[in-house]
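Chemist: Have a look at this fold, sequence not included:
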């Protein structure tokens, strides 16, 4: 299943090609196949060292999904969304409610309607999660469309907080979310009679729960990469990037900026919703604590660190930051003793993330692995400040419609 | 009616703290067009510094007001240096970078300060000593305690001083000129870099003041305490019209009153369905409403470049 994506790269059937090109294509295909085999075998190797390692892989894949979704909003359309975790929460709570005894415990009528409890199958849950989160995204997007980058950031942040406050408090007067205690005993995914929560045997191998989920997440991640990759080169993707670079110019070119921004919000949220549902079934337990602002910041950090709008960069960013704490765990033990318990793995991780966010923005504002720009010097965009007078912009926009534009010319802050 | 009066007093106290923080946001935004996400964290550092000072000087049996004053001064100095350094290291090099870059640096800075504070002061809640008499004054049915009176007085004095500074002094004129156009201000002999640094220092001073008041009023400090006040103060700044000093004050006070009236009445209005634990939502609802209906804020006039 993992192998299908690389081989599905279309090759022109009968077009005569030069041998060098052929060899190149062959080598690339071999690389893809090797990567695919590697991804399939990886958990089997990892579970040999213990299921905890496979779990790390699972979480990393979930973060890849989330980062890909946020990348649509932040990377492609250039809308900084600091409340992304809200959509993740929407997906997770949707599955939590539809896959546990929470609703039947609370409502008598549900109990009568579903005497065996609510167990929603995956082919309902995944589209529903995507739909709900997408709707939430559009709902959030609609009033904030007119806002520029930094305002948008604050409003989305506020939205994330609102969702969290509601999750925390919707246990009274009617117990819907079970408040801070969270929802427990959420169903495992059951795909065509294959219960992912159980250990299965395949060719004499034991495939435990974590490995089952690994394959599920892998399929989803590959599918998402495919979607993002196709989006990137599509008309919509190009329109998003045009909006990101210069909204006024994009509008002048006939792009419907309003609808496209809404679409970006909705699309990004969809990914969040699906990964939320996955998270809920994988963990079997959700509580508002999992959807804090820290989590949002973390996902933003992944996207930004890797390289805004560049798929390989985003994936690398997500893998790096999600695997980091596990690696740190080995360093953190002695460190914790040395510092009298002040530094533990999670604090160290937070510290490193913060430093990385600042450091990378200062040294490589476009991320670790940014999009190669066509015929554009990256240095020209962010010229070093004039040593005599750093406040003077290096590249003043010729047509300055407002005072601030002259002040911050070159910063790309042109508004509708 | 007594609920109303009491909630008004609470709202005024809360609002004046928001106003102090909001001024820091609005001044920085007015001059460099940057949302200083770390501003709330500066407030937190101020509160924790003053807590440390009160702990160190506690055994000396100083009178409460003197101790508070010393703690406040230390907090102001530490915060000023901190904010000055932040601007120099993290924001100045990015002044002409793509617009998301400084914003993300600011978020990173906020996270960094929180983490450092957690390492230095440990993550537990610390109770702030009671330094002023607690005998409350009665106004009709409502009560107000000396700390709250002090907060109102200090805020009023600070705001007046700030207005004087911005409107009557040379530095204030330089600040207004830089906000309008740093290049032209530079040609007129203003040094924009110095003015920007001064703005950050003033903002930090106000944040430190607010932090100490916040700690003295609520009686506990922790490394995450800066986040919500910071966010709400930003809301207040937007509410009043960002870049506008009077707007930030008005927005802060109004937001405080809306919040506490909302928290006081939401239970009654909704028949007990929603309780005062939804207090934090009001600020964000206000923010979304303001940005949708009147993006330039209550007192803001420049529309095109603001939203």
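Modeler: Cool, got the structure. Owing to the predicted nature of the structure, the values given are computational and were not obtained by experimental measurement. Residues are numbered from 1 along each chain as shown, chains lettered A, B, ... in the order given.
Chemist: Taking the stretch 301-416 of chain A, what residue is nearest to chain B?
Modeler: Residue nearest to chain B within the stretch 301-416 of chain A: residue A:357 (3.0 Å; CB to the nearest CB). Yep, even glycine has a C-beta here, placed from its N, CA and C like the rest.
Chemist: In which helix or strand does the closest residue to that residue other than its chain neighbours reside?
Modeler: Distances taken as CB to CB, 6 or more residues apart in numbering or on different chains place residue B:108 nearest to residue A:357, at 3.0 Å, with adjacent residues excluded. Assigned by DSSP states H and E, residue B:108 belongs to helix B:100-121.
Chemist: Next, the buried residues of that helix.
Modeler: By 16 or more other CB atoms under 10 Å in any protein chain shown, the buried positions in helix B:100-121 come out as B:100-119, B:121.
Chemist: Next, residue B:297: secondary structure please.
Modeler: coil (DSSP: H, G, I helix; E, B strand; the rest coil).
Chemist: what helix or strand is the residue of the stretch 151-300 of chain B found nearest chain A on?
Modeler: Among the residues of the stretch 151-300 of chain B, residue B:284 lies closest to chain A, at 3.4 Å counting by CB to the nearest CB. Here residue B:284, judged by DSSP H and E, is contained in helix B:279-293.
Chemist: How about residue A:109?
Modeler: Per DSSP H and E: helix A:108-113 holds residue A:109.
Chemist: Name the residues that touch that helix?
Modeler: Residues outside helix A:108-113 that contact it (CB atoms under 8 Å, 6 or more residues apart in numbering or on different chains) are A:103, A:104, A:105, A:118.
Chemist: When you filter those down to buried only, what's left?
Modeler: A:103, A:104, A:118.
Chemist: Which ones among those residues lie within strands?
Modeler: Among the buried ones among the contacts of helix A:108-113, no member is found in strands (DSSP state E).
Chemist: Helices along the stretch 1-150 of chain B, start to end?
Modeler: B:2-32, B:39-57, B:64-86, B:100-121, B:146-168 (DSSP state H, counting those that start in this stretch).
Chemist: Could you do the stretch 201-350 of chain A as well?
Modeler: Using DSSP H, counting those that start in this stretch, helices in the stretch 201-350 of chain A cover A:209-233, A:235-245, A:247-252, A:257-283, A:293-306, A:311-338, A:345-363.
Chemist: Including mean pLDDT, could those go into JSON lines?
Modeler: Converted to JSON lines, the helices of the stretch 201-350 of chain A look like this (pLDDT from 0 to 100):
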{"stretch": "helix A:209-233", "mean pLDDT": "90"}
{"stretch": "helix A:235-245", "mean pLDDT": "91"}
{"stretch": "helix A:247-252", "mean pLDDT": "90"}
{"stretch": "helix A:257-283", "mean pLDDT": "92"}
{"stretch": "helix A:293-306", "mean pLDDT": "86"}
{"stretch": "helix A:311-338", "mean pLDDT": "79"}
{"stretch": "helix A:345-363", "mean pLDDT": "82"}
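Chemist: Can you tell me which of these is nearest to residue A:153?
Modeler: helix A:293-306 (9.2 Å; CB to CB).
Chemist: residues from the stretch 201-350 of chain A in reach of chain B?
Modeler: A:293, A:297, A:300, A:301, A:304, A:308, A:339, A:342, A:343, A:347, A:350 (CB under 8 Å from any CB of the partner chain).
Chemist: Is there a quick ChimeraX command that grabs whichever of those residues are buried?
Modeler: One line in ChimeraX is enough to select the buried members of these, burial here meaning 16+ other CB under 10 Å:
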select /A:293,297,300,301,304,308,343,347,350
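Chemist: Mind picking the two most distant members of the residues of the stretch 201-350 of chain A next to chain B?
Modeler: Largest pairwise distance in these, by CB to CB, is 34.7 Å, between A:308 and A:339.
Chemist: returning to that earlier point: let's see which of the buried ones among the contacts of helix A:108-113 end up in helices.
Modeler: A:103, A:104 (DSSP state H).
Chemist: which of the buried ones among the contacts of helix A:108-113 lies closest to residue B:143?
Modeler: residue A:103 (44.6 Å).
Chemist: Could you give the number of residues near residue 295?
Modeler: This is for chain A. Look at residue A:295: counted by other CB atoms under 10 Å in any protein chain shown, it has 18 neighbours.
Chemist: that's the other chain; I wanted chain B
Modeler: 18.
Chemist: what ranges of chain B fall below the confidence cut-off?
Modeler: Judged by pLDDT under 70, chain B has its weakly predicted residues at B:1, B:271-273, B:301-307.
Chemist: need the contact list for the closest residue to chain A within it.
Modeler: Of all residues in chain B, the one sitting closest to chain A is residue B:108 (3.0 Å; CB to the nearest CB). For residue B:108, the residues meeting the contact criterion (CB under 8 Å, 6+ apart) are A:301, A:353, A:354, A:355, A:356, A:357, A:358, A:361, B:90.
Chemist: Out of these, grab the one that's most surrounded.
Modeler: Busiest of those [other CB under 10 Å] is residue A:361, holding 28 neighbours.
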